[in-house]
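> Provided below are the primary sequence and the corresponding predicted coordinates.
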Amino acid sequence: MTRDLLGIAAFALAVIAATVLLSSGVWLNAIMMTLYAALLALAWNLLGGFGGQFSFGHALFFGTGAYASAVAQVTHGVNAWAALALAVAAAAAVGGFVGALAFRYGLKGSYFALVTLAFAEVFRILAVSAGFTGGGVGMMLPLKESFANLQFGSRKGSIGLVLGFVVAALLVTAWLRHSRYGAQLQAVRDNEDAARAIGVDPRRTKLVATVLSAAFMGAAGAFYLQVFQYIDPGLAFGAHVSVEALVGAIVGGMGTLWGPVLGAAVLHLLAEGTRNLFGALPGLNMVIYGAVLVLIVMFMPRGLAGLGRSVRDVWKGGRG
């Protein structure tokens with residue numbers, strides 16, 4: 001545990017140092033968006049990586065957090081900090097509801113994945129239809145730059161905010177790696193019947209992980225709103241959010257501490273690099289991006305964090 005804590009502290013200090021030293025808006029924006037992608041991947045990893053519950057609809061929790069914060073601030077005049085807490089609580093509550101419903105009927109695997117996807121689509125339709133969400137037009141957050149409003153004059157303030165979320169998610173992940181509850185969650189992931197036989201309650205264990213994962217996705221949604229000051233049903237509950245969360249964790253390495261962060265960083269660099277190199281040829285950058293993802297999944301099944309073990313396995317297989 002101490003080693004993990006030291007690594008998290010070193011990571012936070014490195015990001016802070018880079019943020020202070022850099023003045024380029026391009027680089028600062030890249031750091032911010034990479035941390036944002038890492039937050040999404042870390043949130044998904046708590047449930048998908050450690051709990052083994054693959055979700056295709058994590059945008060459900062992201063959108064809930066974003067809209068909860070938007071409605072609280074725009075309609076009811078709630079302070080941005082209080083709205084942030086409300087966003088996290090609302091997303092956690094929705095996670096608890098969906099998890100309780102799914103696990104009550106023993107849904108897991110592809111069935112659980114489809115349930116989360118279905119709920120995300122239901123919430124998208126509700127957001128389009130409801131008047132208090134602004135309907136299909138969405139909601140615009142008034143520009144009031146100040147620390148109290150969580151709106152900063154430069155990307156450095158936003159980096160500080162999302163870094164705090166990422167560090168919190170890393171601390172929870174480190175706790176899962178070393179705690180009794182984390183061991184129970186991984187036991188449920190590996191063999192639910194065997195875990196039940198030794199006294200673990202699979203339903204409660206998975207439900208706690210769902211709530212934790214949803215809470216961090218809600219924080220990511222609230223952060224997105226504060227930075228871009230706009231949200232609509234497509235942005236909030238769209239499949240792209242769910243895909244970004246799960247792909248970052250899978251590519252980086254599920255069930256690991258640093259895999260989601262590494263995956264988010266590599267995917268962001270890959271996306272930007274292909275866009276800059278092949279932007280003049282529409283579609284080619286996405287073809288290359290997709291091909292690289294396929295190669296990573298095929299030849300590095302443990303993700304980038306498990307690259308060393310994957311190489312050793314290939315070497316041993318070749319020699320055998």
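Received the coordinates, thanks.
> Could you list the low-confidence segments of this protein?
Flagging of the chain using pLDDT under 70 yields the residue ranges 279-281, 285, 308-320.
> for it, what's the longest helix?
For the chain, the longest helix by residue count, based on DSSP state H, is helix 202-228.
> buried residues in that helix?
202, 205-227 (16 or more other CB atoms under 10 Å). (Glycine included, C-beta is placed from N, CA and C.)
> roughly how far out does that helix sit from the chain middle?
8 Å (CA atoms, centre = their mean, to the nearest Å).
> Equivalent analysis for stretch 143-153, please.
24 Å.
> all strands of the stretch 101-250 of the chain, in order?
139-140, 230-231 (DSSP state E, counting those that start in this stretch).
> any idea which of those strands is most buried?
Looking across the strands of the stretch 101-250 of the chain with neighbours counted as mean count of other CB atoms under 10 Å, the highest average goes to strand 230-231: a mean of 21.
> Need the residue closest to the centroid of the protein.
Residue closest to the average C-alpha location in the chain (CA atoms, centre = their mean): Leu40, at 1.4 Å.
> and that one, that's in a helix?
Yes - counting by DSSP: H, G, I helix; E, B strand; the rest coil, Leu40 is part of a helix.
> The host helix or strand of Ser69 packs against which elements?
Following DSSP states H and E, one finds Ser69 within helix 59-74. The contact analysis (3 or more CB pairs under 8 Å, 6 or more residues apart in numbering; DSSP states H and E) places helix 59-74 against helix 80-104, helix 110-129, strand 139-140, helix 202-228, strand 230-231, helix 233-237, helix 239-252.
> Next, format these as a markdown table and append distance to Leu5.
Converted to a markdown table, those look like this (distance: least, CB to CB, whole Å):
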| stretch | distance to Leu5 |
| --- | --- |
| helix 80-104 | 23 |
| helix 110-129 | 32 |
| strand 139-140 | 39 |
| helix 202-228 | 19 |
| strand 230-231 | 35 |
| helix 233-237 | 34 |
| helix 239-252 | 20 |
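> So for Ile31, which of the ones you listed sits nearest?
With CB to CB as the measure, helix 202-228 is the member of the helices and strands packed on helix 59-74 nearest Ile31 (12.8 Å).
> relative to helix 80-104, how tilted is the closest one?
Helix 202-228 and helix 80-104 are oriented at 150 degrees to each other (axes from the mean of the first three to the mean of the last three CA atoms, to 10 degrees).
> Isn't Gly221 up against Ala87?
Yes - with contacts counted by CB atoms under 8 Å, Gly221 reaches Ala87, the gap being 6.3 Å.
> so what sits against both of the two?
Contact criterion CB atoms under 8 Å, 6 or more residues apart in numbering; residues shared by Gly221 and Ala87: 64-66, 69.
> of all these, which comes closest to Gly7?
Gly65 (27.5 Å).
> Report the contact partners of that closest one.
Counted by CB under 8 Å, 6+ apart, Gly65 has contacts 87-88, 90-91, 217-222.
> Apply 6 Å and report the result again.
Residues near Gly65 by CB atoms under 6 Å, 6 or more residues apart in numbering: 87, 91, 218, 221-222.
> now it: how far from Asp201?
Gly65 sits 28 Å away from Asp201, taking CB to CB, to the nearest Å as the criterion.
> if we look at stretch 251-268, which residues are touching it?
34, 37-38, 41-42, 45, 49-50, 173, 248-249, 296, 302-306.
> And it, how far out from the chain middle?
11 Å.
> okay, how far is it across it, tip to tip?
Terminal residues of stretch 251-268 are spaced 12 Å apart (CA to CA, to the nearest Å).
> For the residue nearest to the centre of the chain, which non-adjacent residue is closest in space?
Ala245 (4.0 Å; CB to CB, 6 or more residues apart in numbering).
> count of residues packed around that neighbour?
Using other CB atoms under 10 Å, the number of residues around Ala245 comes to 31.
> wait, what's in contact with it?
40-41, 44, 58.
> Among those residues, give me the pair with the biggest separation.
Using CB to CB, the pair of the contacts of Ala245 lying farthest apart is Ala41 and His58, separated by 10.1 Å.
> That concludes my questions; thank you for your assistance.
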